[in-house]
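Asker: 3D model of this:
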Amino acid sequence: MRSIYEQKIIILTGSLGEGHNQASKAIVESAKRNYPHLRVKVVDYMELTHPRLHVAGQFFFVQWMKHFPSVYGYLFQKTREENTLIQMLKRFSTFSLHKLSTMLETENPAIVVSTFPPAAAGMSLLKAMGFTNVPTATVMTDHTDHSYWIHSHTDYYMVGSDVVQVALERKGVPSEKISVTGIPVNPMYSQPVDPERLRANYGLRPSEQVVLIMGGGEGMIDKEIIELLKSRAYPQGVRFIVVCGRNVKLYQALLVEFLDHPQITVMGYVDRMHELMAIADLMVTKPGGLTISEALTMERPMLLVNPLPGQEQDNADYLVGIGVARQAMAGELKHQLLTLITSPSLLQEMKRRAAINTHKDSALLVLTRLMDIQQNQRISGEWSEDMNLVPYEVLNREVYVNDALQHYYDSYR
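Answerer: Sure, this is the predicted structure:
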């Protein structure tokens, strides 16, 4: 058996939302810092299997989230448990598996990690049909137990919290297949910082209270937040930093709106978010899986706004449940924000709870677990010559795929 240092870890990700890619990048960055000889390659599953559709898919996904969140939430809840609808969606996500098979044959990885549910589905189906014996692991990027993450031939799961572990066990996943690692975030969020020096670098006075407002990579900032900023219904000693992400239109509009406002700083996409989090006394954000994990790592209190009625609401429920965040329902933002920024003891308690519930160096924990898995496998993860593999071209034959899928779904019953 060759050492994992002589082999390769493949990470399958996807570009529907920022979290899957950010988690993958975090694992890669941790490998560079801690295991520089370890070979880790990231592959975009959607680009690999649907090269002509993945860019359009990204666009329509963002538009769907912006304009029809209730429809997304309805489908999310309808498919939370295993049923016919989720089986149809899983089947759709596993089209063009011959490209995935060819990639595995070419790369010959020691282990395949999925941070993207359709990729986990594809790998599980390949294993179910006997096309590979490579160990597979799924890194879940939200605090959810949605059935789209769970597949009968996934070997291991890395999850963000004990809550998710218990939920997976209730759905029949053996406890020995689950590791609580935290959701992997870039190692820079675990590094010690000097907040006072950073505040000076950003032109902030030591006495100012900093509220960091974020809308994710797509800059989906709720209108209620913008109206609150316009109202000036907040204390003089508060400085707001608004991060618009890749939403250039919003960035330009807010830059003009608050050009001469002494308490508001507007930024576009930033690549040093860990510095902004380090100087923040409070974060106002949507509860995306990676954003909240970064905030937990840095022990930042959070006020959660406008969660999508799906995995983001699951994330919000988890954070509120452990006492590190509050959720502002519609019309509550002003009250909740003023309550928090005028209650230092409440913010301090939220920080204390964040310190208890965080997983420092989560990406390193994931990597360590992956290497343990590979070393404990009786097989090396290489393609076995005696597996009697079916030629990959057969994956294009509809009859064979349908038969294999039926066998695969029967394994759930």
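Asker: just checking, what packs against the helix or strand containing Ile11?
Answerer: Assigned by DSSP states H and E, Ile11 belongs to strand 8-13. Applying 3 or more Cβ pairs under 8 Å, 6 or more residues apart in numbering; DSSP states H and E, we find strand 8-13 packed against helix 19-34, strand 39-44, helix 97-107, strand 111-114, helix 117-128. Where C-beta positions appear, they are placed from N, C-alpha and C, glycine not excepted.
Asker: Could you pull out the strands in this structure for me?
Answerer: Applying DSSP state E to the chain gives strands spanning 8-13, 39-44, 111-114, 136-139, 156-159, 178-180, 209-214, 238-243, 264-267, 282-285, 302-305, 325-328.
Asker: thinking again about what came up before, for Tyr318, find the nearest of the helices and strands packed on strand 8-13.
Answerer: Shortest distance between Tyr318 and the helices and strands packed on strand 8-13, using Cβ to Cβ, is found for helix 19-34: 14.7 Å.
Asker: So Ser147 sits against Gln77, correct?
Answerer: No: applying Cβ atoms under 8 Å, one finds Ser147 not in contact with Gln77, separated by 11.2 Å.
Asker: Pro117 - how many residues pack around it?
Answerer: Pro117 has 24 neighbouring residues, counting by other Cβ atoms under 10 Å.
Asker: Grab the nearest non-local neighbour of it.
Answerer: Distances taken as Cβ to Cβ, 6 or more residues apart in numbering put Tyr148 closest to Pro117, at 4.3 Å, once the chain neighbours are dropped.
Asker: Tell me how far the one you found lies from Gln209.
Answerer: Note on Tyr148: its distance to Gln209, by Cβ to Cβ, to the nearest Å, is 40 Å.
Asker: And for Pro174, the neighbour number?
Answerer: If you count neighbours by other Cβ under 10 Å, Pro174 ends up with 9.
Asker: Just the residues contacting stretch 242-249, thanks.
Answerer: The contact list for stretch 242-249 (Cβ atoms under 8 Å, 6 or more residues apart in numbering) reads 212-221, 229, 250-251, 254, 258, 264-270, 273, 276.
Asker: what about Ser147 and Gln77, which has more around it?
Answerer: Between Ser147 and Gln77, Ser147 has the larger neighbour count (other Cβ under 10 Å), namely 20 against 13.
Asker: which residues does the nearest residue to Leu319 once chain neighbours are set aside bridge with?
Answerer: Once flanking residues are discounted, Leu319 sits nearest to Ala325: 3.8 Å by Cβ to Cβ, 6+ apart. Here Ala325 sits in beta bridges with Met302, going by DSSP bridges.
Asker: List the buried residues of stretch 187-207.
Answerer: Pro187, Met188, Tyr189, Ser190, Leu198, Arg199, Leu204 (16 or more other Cβ atoms under 10 Å).
Asker: which residues touch the fifth one?
Answerer: Which is Leu198. Counting by Cβ under 8 Å, 6+ apart, Leu198 touches Glu275, Ala278, Ile279.
Asker: Just send the residues you listed back as CSV, with neighbour count and pLDDT too.
Answerer: Shown next, in CSV, are these (neighbours: other Cβ atoms under 10 Å; pLDDT from 0 to 100):
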residue, neighbour count, pLDDT
Glu275, 17, 95
Ala278, 21, 96
Ile279, 21, 96
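Asker: Identify, from the residues you listed, the entry nearest to Arg239.
Answerer: Within these, the smallest distance to Arg239 is 9.4 Å, found for Ile279 (Cβ to Cβ).
Asker: Report the separation between that closest one and Asn133.
Answerer: 49 Å.
Asker: same deal with Val211?
Answerer: 51 Å.
Asker: Look at those two and report which has more neighbours.
Answerer: Shown here are Val211 and Asn133; by other Cβ under 10 Å, Val211 has more neighbours (23 against 17).
Asker: Does the more buried one touch Ile279 like I think?
Answerer: No: under the contact definition of Cβ under 8 Å, Val211 does not touch Ile279, with a separation of 10.7 Å.
Asker: Which pLDDT does the model give Glu385?
Answerer: Reading off the confidence values, Glu385 has pLDDT 39.
Asker: Would you mind listing the buried residues in stretch 37-56?
Answerer: 38-40, 42-50, 54.
Asker: which other residues reach that stretch?
Answerer: 4-5, 7-16, 24-25, 27-28, 31, 57, 95-97, 99-100, 103, 107, 109, 114, 116, 118-119, 122, 367.
Asker: Now that we have these, which of them are buried?
Answerer: Buried among the contacts of stretch 37-56 by 16+ other Cβ under 10 Å: 4, 7-16, 24-25, 27-28, 31, 97, 99-100, 103, 107, 109, 114, 116, 118-119, 122, 367.
Asker: hang on, Met302 packs against Ile322?
Answerer: No: counting by Cβ under 8 Å, Met302 sits too far from Ile322 to count as a contact (11.1 Å).
Asker: Look at the two and report which has more neighbours.
Answerer: A count of neighbours by other Cβ under 10 Å puts Met302 above the other of Met302 and Ile322, at 27 against 18.
Asker: List the contacts of that one.
Answerer: Leu282, Met283, Val284, Thr285, Pro287, Ile292, Ala295, Leu319, Val324, Ala325, Arg326, Met350.
Asker: roughly how far apart are the last one and Val256?
Answerer: To Val256, Met350 is 34 Å away according to Cβ to Cβ.
Asker: and these two? which has more neighbours close in?
Answerer: Neighbour count, other Cβ under 10 Å: between Met350 and Val256, Met350 has more, with 24 against 9.
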